[in-house]
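Peer 1: what follows is a predicted structure for the sequence shown.
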Amino acid sequence: DPLNDRTIIDDIPTTMSTTTTSNHTGAPIIRTLTLNAKDARGPCFARRMAQLLWKDEDFVLQIDSHMRFRKGWDTYLIEHLGSITNDETNKNKNNNKAMLTTYPVGYTLPNSIPNEIRPTLLVPWKFDDQGQLRQKGRLFQTTHDKPLPCNLYAAGFNFARSIVIADCPYPPLYSTFFGEELYMATALYQKGYKLYAPAETVCYHLWSRQHRRGKIHPVTATTSTGMKMNRTTTSNVTTTPTNPKHSISTTNELDLQHYLTLVPDEFWKTIGVNWKEGLLLPGSQTGNCQLREKDFVNHDVSQMLAAAVVGVSTEEPLLDKTSQALILGFLGGLQL
């Protein structure tokens with residue numbers, strides 16, 4: 001139970017507070033954690049803290065901000081997850097250990113949601129110059145009638161039974177941006193979880209950041225530098241807070257690069273890569289399963305979204321080159 005994990009409890013900032021919102025009957029329906037912005041330490045820290053909100057609900061849905069959902073998404077996901085655990089081939093397995101996850105298709109502001117309902121699948125893309133494996137989402141040619149095996153993990157959309165919080169709580173990767181998803185994929189694999197992509201697109205994400213025109217706060221800039229350095233090493237990365245009262249220890253931070261060297265070879269074979277040599281193996285681009293290249297649209301999700309990032313309708317890009325590189329790097333595993 002992560003609520004009894006002292007490594008999590010000790011990480012809670014003194015500025016963090018909790019609030020509960022109730023419905024008309026007085027039943028609590030929304031629990032919220034709030035903390036000073038200066039205490040923010042990246043997405044892994046936020047997800048790790050959010051897991052403290054678990055109160056034995058049956059299911060857990062983790063998403064990024066700026067999402068739109070199709071009508072009936074909740075019923076669909078619950079039934080979809082149930083179809084995996086009730087499948088004939090899963091009768092002798094732990095029926096709780098299944099997860100739906102993928103990179104969602106994008107939408108644009110103000111609320112332009114595409115009619116696209118074909119699913120996407122996560123596959124390895126390449127090893128960058130730092131030797132880090134990058135992944136991408138590939139769009140299928142058609143919808144499917146059942147979930148599709150997927151060997152990788154998307155932090156921005158995943159749905160499972162809530163026991164996953166106790167089995168695989170988020171790690172202390174406070175300075176990490178890239179690398180989080182690979183860690184979780186390996187951890188879930190070693191805990192016996194099977195990952196799947198939904199048979200249809202369930203939600204849409206605002207991948208473009210062209211609406212954000214504000215200046216970067218100095219504290220955020222410092223944290224971003226820590227994230228970038230962390231692609232090479234994740235050992236005890238420390239950032240200096242502006243206010244000493246808003247200090248968070250990173251002495252327990254996981255050394256991701258060292259951890260990945262300890263992952264069993266069977267995992268790397270499952271996703272279709274040679275980790276030690278930094279090579280993609282035949283079949284990796286189709287999920288290393290029975291799928292074929294012709295089952296996919298020729299372009300991947302990041303290529304579909306690249307035009308939106310740079311602003312195709314204008315003569316000049318809406319973002320500077322550094323911002324474009326960061327966003328495109330996240331979407332498609334491009335080297336920064």
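Peer 2: Thanks, I have it. Numbering: from 1, shown residues only.
Peer 1: which residues in the stretch 151-300 of the chain form strands?
Peer 2: Assigned by DSSP state E, counting those that start in this stretch, the stretch 151-300 of the chain shows strands spanning 157-161, 194-197, 203-205, 273-274, 279-280, 296-300.
Peer 1: how close does Ser22 get to Leu53?
Peer 2: Distance from Ser22 to Leu53, counting by C-beta to C-beta, to the nearest Å: 15 Å. Where C-beta positions appear, they are placed from N, C-alpha and C, glycine not excepted.
Peer 1: who has more neighbours, the two?
Peer 2: Remark: of Ser22 and Leu53, Leu53 carries more neighbours, 16 against 10, as counted by other C-beta atoms under 10 Å.
Peer 1: pLDDT below threshold where in the stretch 51-200 of the chain?
Peer 2: 85-95 (pLDDT under 70).
Peer 1: now with 50?
Peer 2: 88, 92 (pLDDT under 50).
Peer 1: so which residues of the protein form helices?
Peer 2: Assigned by DSSP state H, the chain shows helices spanning 6-9, 43-50, 73-85, 163-167, 180-190, 218-229, 256-261, 265-271, 301-310, 321-332.
Peer 1: tell me which of the strands of the stretch 151-300 of the chain lies nearest to Gln132.
Peer 2: strand 273-274 (11.7 Å; C-beta to C-beta).
Peer 1: quick one: list the elements packing against that closest one.
Peer 2: Strand 273-274 is packed against strand 279-280, with contacts defined by 3 or more C-beta pairs under 8 Å, 6 or more residues apart in numbering; DSSP states H and E.
Peer 1: hmm, back to that, of the strands of the stretch 151-300 of the chain, which approaches Leu182 most closely?
Peer 2: Taking those one by one with C-beta to C-beta, strand 273-274 is closest: 10.5 Å.
Peer 1: the closest one: partners in the sheet, and parallel or antiparallel?
Peer 2: Paired neighbours of strand 273-274 in the sheet (DSSP bridges): strand 279-280 (antiparallel).
Peer 1: hmm, who's touching the partner strand?
Peer 2: 124, 126-127, 272-274 (C-beta atoms under 8 Å, 6 or more residues apart in numbering).
Peer 1: let's see it at 6 Å
Peer 2: Strand 279-280 is contacted by residues 124, 273 when judged by C-beta atoms under 6 Å, 6 or more residues apart in numbering.
Peer 1: quick one: average pLDDT of it?
Peer 2: The average pLDDT within strand 279-280 is 94.
Peer 1: what's the closest non-adjacent residue to Gly179?
Peer 2: Nearest residue to Gly179, sequence neighbours excluded (C-beta to C-beta, 6 or more residues apart in numbering): Leu256, at 5.1 Å.
Peer 1: ditto for Met184
Peer 2: Tyr153 (4.5 Å).
Peer 1: next one: that neighbour from Leu188, what distance?
Peer 2: As for Tyr153, its distance to Leu188 is 6 Å (criterion: C-beta to C-beta).
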